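Visitor: fold the following, please.
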Amino acid sequence: MGISRPNFIVGIGGSAGGLNAYRAFLDAMACDTGMAFVIVSHILPTASSQLAEILARRTRMTVRVALEAMPIRANHVYVCPPDTDLLIENDAFKVISPRGRRNAQVDVFFASLAEAMGARAIGIIMSGYDGDGTEGCKKLKAHGGTTFAQDMSAEVDGMPVSARASDCIDFVLPPDKMPAELERILSTFKKQR
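Guide: The predicted model follows:
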């Protein structure tokens, strides 16, 4: 079952304090929903990211660093490589290196996700500084997607507060409560098919 196209693609954006949020989210997320998860985290361009290895310990889903032309599969978690902008093109990743602007990777990915998946796109803003992800959430909403922001549990509230202030967030929850809401969205989607 792990090789099929995802029914939804869930983009998860974060920065400082995001690691604990991603862990809590994955700890609570079922591994067989048919969704794909893409984590776009601000990492220094020169950093060697161990994020995929760290998160692989929190889920039974396959966790991989996203690579150019890699197909996006259901029940997989993908991590954006450092110093890149990640896009979706024809059910696969397009990786642009170096990234275009500093700390705009979440907006860039969410905009591409909105275009690629429409109402089957979900964006989640976790802990982090600044306002990356807010413009991307607006694009997701404009294309019929669903948006989440971390609540006051965020270690650094800049990104989720910015997103919430834009009036384009559907759900404000702690990371460990988001999976239940995603399951409800999935259940509704299946009933409508």
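Visitor: mind telling me what element residue 115 is part of?
Guide: When secondary structure is defined using DSSP states H and E, the element that contains residue 115 is helix 105-117.
Visitor: helices or strands up against the lengthiest helix in the chain?
Guide: The single longest helix within the chain, with elements called by DSSP state H, is helix 178-192. Contact here means 3 or more C-beta pairs under 8 Å, 6 or more residues apart in numbering; DSSP states H and E; on that basis helix 178-192 packs against helix 18-28, strand 121-125, strand 146-150, strand 171-173. No exception for glycine: its C-beta is placed from N, CA and C like everyone else's.
Visitor: what's in contact with it?
Guide: Counting by C-beta atoms under 8 Å, 6 or more residues apart in numbering, the neighbours of helix 178-192 from elsewhere in the structure are 7-8, 10, 25, 28-30, 33-35, 120, 122, 124, 146, 148, 171, 173.
Visitor: out of those residues, which end up buried?
Guide: Neighbour-count burial (16 or more other C-beta atoms under 10 Å) applied to the contacts of helix 178-192 gives 7-8, 10, 25, 28-30, 33-35, 120, 122, 124, 146, 148, 171, 173.
Visitor: could you give the bridge partners of residue 64?
Guide: residue 78 (DSSP bridges).
Visitor: which pLDDT does the model give it?
Guide: On pLDDT, residue 64 comes in at 96.
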